[in-house]
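**Student:** Build me a model:
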Amino acid sequence: MTTSVAMFFSAPLLANSEGSLQQRQYAHQFGKVSIEALQQADGQREFKLQTAGKQKTINVDATQLQVHSNNALFDALFSLTQQERAQNSVSEITDWGFNDQQPVPCPCFETGAKWHYVWTRDLSYSLDLGLGYLDPERASNSLLFKTSKVRPELIARGVAPTEVALQDTGSGGSWPVSSDRVVWVLAASNLTAKAAAEGSSSDAQQAWLEKWYPIAKQTLLQDRQHIFSNKLGLYRGETSFLDWREQTYPGWTAKDTLYLAESYALSTNVLHYVALERTAAAAKILEPALAAQFSQWAAALKISINQSFWLADQGLYASYIGEEYNPLPVQQFDLLGLSLAITHQVANSAQASQILANYPLTPAGPPVIFPARQQIPIYHNRAIWPFVSSYALRAAKQQQHTELFHLIAMSLFQGTAFNLSNMENLEWLTQQEHVDDGELSGPVINSERQLWSVAAYHDFVANSLFGIDINAREIQINPFIPALTQQALQLGKELKLQQLPVASGRLNVTLKLNGNASRAQSYRLQKALLNGVETALTAAHQLTLQVDDLSGEQNELELELTAVDMPRQNLTLQKAANPAKLTATEQYTLFAPKEPLLSLTQNSKGQTELTFDSNGEEKTRFTLYKNGSKVTLKRGKTDYTDTDRSKVSQCYALVQSYQSKPHQSNLTSLPSKTLCTTPGQQIFVAGQGLQSPDLAASKHLGLDVYKNWGLPEQQLQLNFTATHTGPHRLQLQYFIDNGPINTGITAVVKTAQVQCAEAKPQQGTLVMPHLSIATEQGVSSQLEFQATVGQQCSITIKDGFNMSYLQHFELYTGGKGGRSGPLNQAVIHAVSIVPAV
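**Tutor:** Predicted structure coming up:
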């Protein structure tokens, strides 16, 4: 399909007339911006930008990173982005939750105008999107600030020494409920190290490799131990970036984050795949004996991702799938996970093309999730995030999807132009930084010069258009300028990217667009000259240079581009005639149904009776899952009786979908809470079947418990006799008062070892997330083990690891487990064991 974007420039925006003042305006249905541009003979440039609510002046001298095109506004926004990068380059950082709100010295990148700290996730994506090579010393400082060794006093008490990447405060008390900290490896492994005054870039790169590799290795080994499922071949934990539970997960997770800890996210698994690949490559140089293991883990993970997440009927990967015992894939989709899967070749080319054709965008740009959620304020829900758009732009470029590339490029351009800043996020139908919608107004939080949005705009220009991708040792050159974009932005036939820092020098890049391209074509690389010498292309329309190929302080790269036919591809564009007042049909095609309610009882025959509630939705159809597989239901039924009187646990969850008539939509809800039967369950209560060698049982809320159990040296023990041959699932029943359910660093993490007769020992991890209230009894994540009927099994539960064990978090003063000391303890009531499928 072909789309058009209603916009206009008031006149040609010539950007390079020396000594002349130009006044122009750019208008669109989403906003309007005016510009005054002045360029002096000495190379000084001044841009004055104004919208209805803001105005900014940008001064640029000839030594600064900048672009020159036929469009002064295009040039100005790139310089605005570099100005905001400089504003985010600080000498100290602060946050309400750290160091009693006092500054912490750190020559780092802060996160934005409203976020004055360094966060692992935001930083790493920002560096991956190009900020790393622009300031490698600041980038490495920032990355190393987000790593830590174990507190010395814990090592003295038997905790194993290690140095790992940090998971910041988050859902349920952070890692391993949230587990995307491996994004750190994505940034660290690609960083171009800054050479010392008398050293070579190769020496600097080797020194950096020797620094980041052991941290990556230890992080991955720790994740392998605690969050990897041997059964599914996937890593558990929350979606990367989409970390505000009720925004993108079922509403009931607002008060129950166990589902996050036990489910599997596409984005987080793709990040683990990339981290394993990058660490394997580093191991080949530094530790060859481990390289094959990391490579094998990566290859197996790629297969598991495709087996578990790919929905062939949708032509998309699910954003996440349910627990190991009921692993149903949700029919919600997230753009970051999809884009990373494409750009890191988890998806094959056919899958990538389907994803780009099927994932919807609006005229304002691509939302970070689809479908949207009802009655949830605007933040991740109903929102465009520029950094995610930039990854989608990379994916569109990789697949040569010209029209999609153009629409996302215009979304990035307009989002910065109309707000005169690189905003954290924008509303998905209007491209506004704030939309009034009563209790749903938002984005709820929005910051100017958000670091990863700054990086996104830089990446849009320098990487996606100019095609300059600088990684650890190479410069990949692959310009891509759709005629649609060149014409819409009035870029002209010669574009320059000047004063780009590379290693210890600078690179000037000139693009010359030869010929006239049709709207179905893109300008691609035809010829390259480095410092006046023609350089042979290394692939079709691509060139690879080694960083060491550059000579001296200044290098000139001239690239001649020619118009090339692009494959015709489809896309899905969702429109709303009036975003402030959606029609019923638009509601049904943009918003998923609310998740249904499921109730479970046992009848007198020992059968499981399930009752469905549509949660106020009308004319929907239910789909029931049992142990991860669909159950055949009679049309229109609102209940189901499972006549299988199984002697092992069975688990159920329910979703509902709109009926195509009358809704003209078949969007599907998120799942109900998983409910499981517990036949043959055995419970071992504190002080009775569950023993502690060094702690006496006491009372808590009328129950027998071990209070504040979980010091590094403490253990729990029990003996169990199996009444079933096959899998069993073990859980702890606990209370916790370690902090709020939505933040903190003190999710309790323990390990269990099961020894059944002469069989090989089995072990796994038990996670106890923060709960919504201290008087609520929770259950831990489940550990599955095998036993044979009649077998005697001894089970020992001992210490694991959480973020409070790390020395870095001595800075944390916003909650427990920080400066007050490490905390990995809970009130333990019992252990339950149930036979399973």
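**Student:** show me where the stretch 651-800 of the chain has strands.
**Tutor:** 651-658, 675-676, 682-685, 698-700, 703-709, 716-721, 726-735, 748-756, 762-768, 778-779, 783-787, 792-799 (DSSP state E, counting those that start in this stretch).
**Student:** Including mean pLDDT and distance to residue 586, could these go into a markdown table?
**Tutor:** In this view, the C-beta of every residue, glycine as well, is placed from N, C-alpha and C. Formatted as a markdown table, the strands of the stretch 651-800 of the chain follow (pLDDT from 0 to 100; distance: least, CB to CB, whole Å):
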| stretch | mean pLDDT | distance to residue 586 |
| --- | --- | --- |
| strand 651-658 | 98 | 13 |
| strand 675-676 | 98 | 34 |
| strand 682-685 | 99 | 51 |
| strand 698-700 | 98 | 52 |
| strand 703-709 | 98 | 51 |
| strand 716-721 | 98 | 55 |
| strand 726-735 | 99 | 44 |
| strand 748-756 | 99 | 45 |
| strand 762-768 | 99 | 41 |
| strand 778-779 | 98 | 40 |
| strand 783-787 | 98 | 45 |
| strand 792-799 | 99 | 53 |
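**Student:** so which of the ones you listed is the most packed in?
**Tutor:** Of all the strands of the stretch 651-800 of the chain, strand 651-658 has the most neighbours on average by mean count of other CB atoms under 10 Å, namely a mean of 24.
**Student:** can I have that strand written out in PDB, keeping just the CAs?
**Tutor:** Taking Å, rounded to 0.1, in the frame of the first residue of the first chain, the C-alpha atoms of strand 651-658 are listed here in PDB:
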ATOM      1  CA  CYS A 651      -3.300 -25.700  35.500                       C
ATOM      2  CA  TYR A 652      -5.800 -23.500  33.700                       C
ATOM      3  CA  ALA A 653      -6.000 -20.000  32.300                       C
ATOM      4  CA  LEU A 654      -8.600 -18.100  30.200                       C
ATOM      5  CA  VAL A 655      -8.500 -15.500  27.500                       C
ATOM      6  CA  GLN A 656     -11.300 -13.900  25.500                       C
ATOM      7  CA  SER A 657     -11.500 -12.500  22.000                       C
ATOM      8  CA  TYR A 658     -13.900 -10.100  20.200                       C
END
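**Student:** ok, back up a step: the strands of the stretch 651-800 of the chain into CSV, with extra columns for distance to residue 400?
**Tutor:** Below are these laid out as CSV (distance: least, CB to CB, whole Å):
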stretch, distance to residue 400
strand 651-658, 34
strand 675-676, 47
strand 682-685, 59
strand 698-700, 62
strand 703-709, 58
strand 716-721, 58
strand 726-735, 47
strand 748-756, 45
strand 762-768, 43
strand 778-779, 49
strand 783-787, 45
strand 792-799, 52
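**Student:** Please identify which of the ones you listed is closest to residue 824.
**Tutor:** Closest to residue 824 of those is strand 748-756 (CB to CB; 5.5 Å).
**Student:** could you say what helices and strands the closest one packs with?
**Tutor:** Under the contact criterion of 3 or more CB pairs under 8 Å, 6 or more residues apart in numbering; DSSP states H and E, strand 748-756 touches strand 726-735, strand 762-768, strand 783-787, strand 792-799.
**Student:** Adding distance to residue 707 as columns, could you present those in TSV?
**Tutor:** Below are the helices and strands packed on strand 748-756 laid out as TSV (distance: least, CB to CB, whole Å):
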stretch	distance to residue 707
strand 726-735	9
strand 762-768	14
strand 783-787	23
strand 792-799	16
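**Student:** Okay, now the unreliable bits of the chain?
**Tutor:** 1-8, 11-19, 196-198 (pLDDT under 70).
**Student:** longest strand in it, by residue count?
**Tutor:** With secondary structure taken from DSSP state E, the chain has its longest strand at strand 554-565.
**Student:** Give the partner strands of that one in its sheet and their orientations.
**Tutor:** strand 505-514 (parallel), strand 521-530 (antiparallel) (DSSP bridges).
**Student:** and that strand, how far from the chain's centre?
**Tutor:** Distance of strand 554-565 from the chain centroid (CA atoms, centre = their mean, to the nearest Å) equals 34 Å.
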